[in-house]
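A.B. asks: When you get a sec, could you give me coordinates for this:
(chains A and B)
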Amino acid sequence: GENVEQHPSTLSVQEGDSAVIKCTYSDSASNYFPWYKQELGKGPQLIIDIRSNVGEKKDQRIAVTLNKTAKHFSLHITETQPEDSAVYFCAASIFGNEKLTFGTGTRLTIIP
Amino acid sequence: KAGVTQTPRYLIKTRGQQVTLSCSPISGHRSVSWYQQTPGQGLQFLFEYFSETQRNKGNFPGRFSGRQFSNSRSEMNVSTLELGDSALYLCASSNPQETQYFGPGTRLLVL
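C.D. replies: Here you go, the predicted structure:
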């Protein structure tokens, strides 16, 4: 089955700097890669997703890049703000198959 | 549109008991998936229901079961609870080939 590795497990950045979280996946059949943000006491919230027919997608301060050959994808957050502090999860699946395989999460702390 | 709702939000049970958790999907969504979240194992897929049929199943023992009703609401049941079943149980709803949206979860503590 699919296996998703995520790094780093913790990340601290100064407010205003950029943060990058990286994930690798094992199943070449996976073609859908969402990123979720989870705040304390809440369920995961989708922040951005990408399908394998594109290499990059951007939404304001958040971007995701995908390298299908290397089987890795990354989340980029620019101009970080205190409200970006949370745990971020990457996931992979075959689009249309609702089973998401999650990475182990990255605890992002923004230092004011 | 109201989001995914899960009840109860918190639950305390003792070993050997059984528990039923409920999930109401976003209006119009027909697929409901369940996940278990623990500090040690992270987020793991339990099963997915669509139109009252289980379509996908994760690697959990038969003590974990679920069902879906005609209005797309779903329940999951865990029988003969073990200490290791203590976790946050998350429900997500979607339509086929669309984004999954998660509820706030039910936190289960087994004593």
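A.B. asks: other SSEs contacting the helix or strand of chain B with the lowest mean pLDDT?
C.D. replies: Ranked by mean pLDDT, DSSP states H and E, the weakest helix or strand in chain B is strand B:53-57, scoring a mean of 93. Here strand B:53-57 is seen to pack against strand B:42-50 when contacts are counted using 3 or more Cβ pairs under 8 Å, 6 or more residues apart in numbering or on different chains; DSSP states H and E. (Glycine included, C-beta is placed from N, CA and C.)
A.B. asks: tally of neighbours for A:Ile111?
C.D. replies: 12 (other Cβ atoms under 10 Å in any protein chain shown).
A.B. asks: which residues touch it?
C.D. replies: A:Ser12, A:Val13, A:Gln14, A:Glu15 (Cβ atoms under 8 Å, 6 or more residues apart in numbering or on different chains).
A.B. asks: same question, A:Thr78
C.D. replies: A:Thr78 neighbours (Cβ under 8 Å, 6+ apart): A:Ser18, A:Arg61, A:Ile62, A:Ala63.
A.B. asks: most surrounded residue in these?
C.D. replies: Sorting these by how many neighbours each has (other Cβ under 10 Å) puts A:Ala63 first, at 18 neighbours.
A.B. asks: can you tell me the helix or strand for A:Ser28?
C.D. replies: Element membership for A:Ser28, per DSSP states H and E: none, as it lies in no helix or strand.
A.B. asks: rewinding a little: the least confident helix or strand of chain B relative to strand B:42-50, how many degrees between them?
C.D. replies: Inter-element angle recorded for strand B:53-57 and strand B:42-50: 150 degrees (by axes from the mean of the first three to the mean of the last three Cα atoms, to 10 degrees).
A.B. asks: Show residues contacting the helix or strand that strand B:53-57 is followed by.
C.D. replies: Counting by DSSP H and E, the next helix or strand C-terminal to strand B:53-57 is strand B:64-68. For strand B:64-68, contacts defined as Cβ under 8 Å, 6+ apart pick out B:32, B:34, B:46-47, B:49-54, B:74-79.
A.B. asks: For stretch B:72-92, give the mean pLDDT please.
C.D. replies: Across stretch B:72-92, pLDDT averages out at 97.
A.B. asks: and chain A, which residues reach chain B?
C.D. replies: Within reach of chain B by Cβ under 8 Å from any Cβ of the partner chain, chain A has these residues: A:34, A:36, A:41-46, A:49, A:89, A:91, A:95-105.
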